[in-house]
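>>> What follows is a predicted protein model with its sequence.
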Amino acid sequence: MRTDEMTLGVMILQAGCHEAAWRDPSVPANGGIDIDYFSNLASLGERGALHFVFCADTPSVTDEAHATIARRSRHDGFEPITLLSALSSRTQHIGLVGTATTTYNQPYHIARMFASLDQLSRGRAAWNIVTSAYKFEAANFGTKDLPNHRARYDRAREFVGVVKGLWDSWEDDAFIRDKQSGVFVDTNKMRTLNHQGKCFSVRGPLNTARPPQGYPVLVQAGSSDIGMAFAAEVGEVIFTAEPCLENGKRYYAALKEKARAFGREDKQVLVMPGLVPIVGRTKQEASDKLERLHSLMHIDVLTGVAERWLGFVNDLRSVDFDALVPETLPQTNLFQSRQKLLLELAARRKFTWRQLISYISDSAGHLMVVGTPDEVVQTMVDTFDGRAADGFNLCLATLPDGLKDFIELVVPELRRRGKFRSNYSGRTLRENLGLKRPLNSFMQSHVGSAPVGRLS
């Protein structure tokens, strides 16, 4: 059974999650390239005992139209591993989640980088596994088109298995560093992977010690049928989008059932949907914050962002904004689950294009609450107690003020209700999330057990 306390992480982006955030007077316009800005965010999160900070990433400019690119603040940020490595020396307890794609990386690179981050942070690293979902990434890596949806997941599945195998290259006590004998490492405790697969040929071993956590925590965001199966098999923290409680319950139950089919325990797979809380001391104050952001939005950003989340299947500048959104759009090779979610929501609420475009700008399809601390907390508790979430990944509209408001106004009420902890209880991110430290797969194989980290 799970604890009555929820897990909480926070997305740290340039300015905040709302597309107009960078224009807000309270937000530093150059935050995306200011290490002190990110250090302050991580320190705020740590002061509130949040479980982790979460760095999203895409290795490309994500927009097509120059008019949209010109007005968005998303294209001057740090690469996640570089940023989180710096933050590891400025924080003590909070987890560090970095995004890296399996489509345009190699397993050895990823295994080495995240093992290093786990060592630097003394066991606080996590890898958000993505398969790429932007068509502009392909041309940055020598190909014309993004591989199809299934092919990306097939590659990801093998990729993760290789990375886990590389993390198991050394037994935990292999590096003895004995000055008297002159033996630095016991090579009897070294394992060579010798992986030969459809996508990769990787000999190994990894040239760094086994990570403090065994494996950095594995984060995944699959919501399509293929994505859910992948998340259920390998994900330990599942980042999803679901604005409707009943649909959230169905996703939660289905994901846990799929994970059990892989022999996994419910409490070892944490479902953490995105939450967009805009909190004010009064309902009016919260509403005013959102209206201020609305006043700072430009039509080129509104349409460009909506086109992206819907999969770049139509030009929204040519639609009748007051017409109802159609029930279907051409299938995309990009964000398939998000397109489906947004179209279903538009049909349920009978949205016009104007309403859907505004909705996407505000929340990108995540659960959104605009109100007092009590209202925000009640929504969180209802979702948590209703078995639609084990916790939340906070997508705050503006930073740093949105995080300050959440820590000062919402967290105390969560604690008063017994739904959130007061401090860190463990040394590593795994310990703080209640996740087991995985055994070395080679050692398990040696005693005849099914290898951990080997995906057949």
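Perfect, thanks for sending it.

>>> who does the longest strand belonging to the chain touch, helix- and strand-wise?
Counting residues, the longest strand found in the chain (DSSP state E) is strand 270-279. Strand 270-279 sits against strand 7-11, strand 237-240, helix 245-261, helix 283-295, strand 367-371, helix 373-385, strand 391-394, helix 401-405, with contacts defined as 3 or more C-beta pairs under 8 Å, 6 or more residues apart in numbering; DSSP states H and E. The way it works is simple: take the backbone N, C-alpha and C, and place the C-beta from them, glycine included.

>>> which one of the ones you listed lies closest to T332?
When the helices and strands packed on strand 270-279 are compared by C-beta to C-beta, strand 237-240 sits nearest T332, at 18.1 Å.

>>> avg pLDDT for the closest one?
Taken as a whole, strand 237-240 has an average pLDDT of 96.

>>> swap in stretch 129-148?
Model confidence over stretch 129-148 averages 90 on the pLDDT scale.

>>> what comes into contact with it?
The contact list for stretch 129-148 (C-beta atoms under 8 Å, 6 or more residues apart in numbering) reads 58-62, 64, 99-104, 152-153, 155-156, 160, 218-221, 234-235, 308, 312, 333-335.

>>> any idea of the pLDDT on R427?
pLDDT recorded at R427 is 97.

>>> Surely it touches G123?
Yes - if you go by C-beta atoms under 8 Å, R427 and G123 touch, sitting 6.2 Å apart.

>>> Between the two, which is the more surrounded one?
More neighbours surround G123 than the other of R427 and G123, with 22 against 15 (other C-beta atoms under 10 Å).

>>> Which pLDDT value goes with S358?
Looking at S358, the pLDDT reads 89.

>>> Just the ones in strands from the contacts of stretch 129-148, please.
Short answer: the contacts of stretch 129-148 in strands (DSSP E) are T99, A100, T101, L218, V219, Q220.

>>> which of those lies closest to R264?
Of all the ones in strands among the contacts of stretch 129-148, R264 sits closest to L218, with 11.8 Å by C-beta to C-beta.

>>> What's opposite that closest one in the beta bridge?
Beta bridges link L218 to W127, judged by DSSP bridges.

>>> can you offset everything so residue one is 145?
From this message on, residue numbering opens at 145, which makes the last subject L362.

>>> count of neighbours near it?
L362: 21 neighbours (other C-beta under 10 Å).

>>> Quick check, it in contact with F258.
No - in this structure L362 lies outside contact range of F258 using C-beta under 8 Å: 9.8 Å.

>>> which residues are common contacts for these two?
W271.

>>> how about the helices and strands packed on strand 414-423 in a markdown table, adding mean neighbour count and distance to A277?
Formatted as a markdown table, these follow (neighbours: other C-beta atoms under 10 Å; distance: least, C-beta to C-beta, whole Å):
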| stretch | mean neighbour count | distance to A277 |
| --- | --- | --- |
| strand 151-155 | 25 | 16 |
| strand 381-384 | 28 | 13 |
| helix 389-405 | 16 | 19 |
| helix 427-439 | 15 | 25 |
| strand 511-515 | 20 | 21 |
| helix 517-529 | 18 | 25 |
| strand 535-538 | 26 | 17 |
| helix 545-549 | 22 | 25 |
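
>>> Where do the helices of the stretch 445-594 of the chain begin and end?
Using DSSP state H, counting those that start in this stretch, the helices of the stretch 445-594 of the chain run over residues 480-493, 497-507, 517-529, 545-549, 555-560, 573-577, 585-590.

>>> Of these, which is nearest Q340?
Of all these, it is helix 585-590 that lies closest to Q340, at 16.7 Å by C-beta to C-beta.

>>> low pLDDT regions in the stretch 495-600 of the chain?
Scanning the stretch 495-600 of the chain for pLDDT under 70 picks out 588-600.
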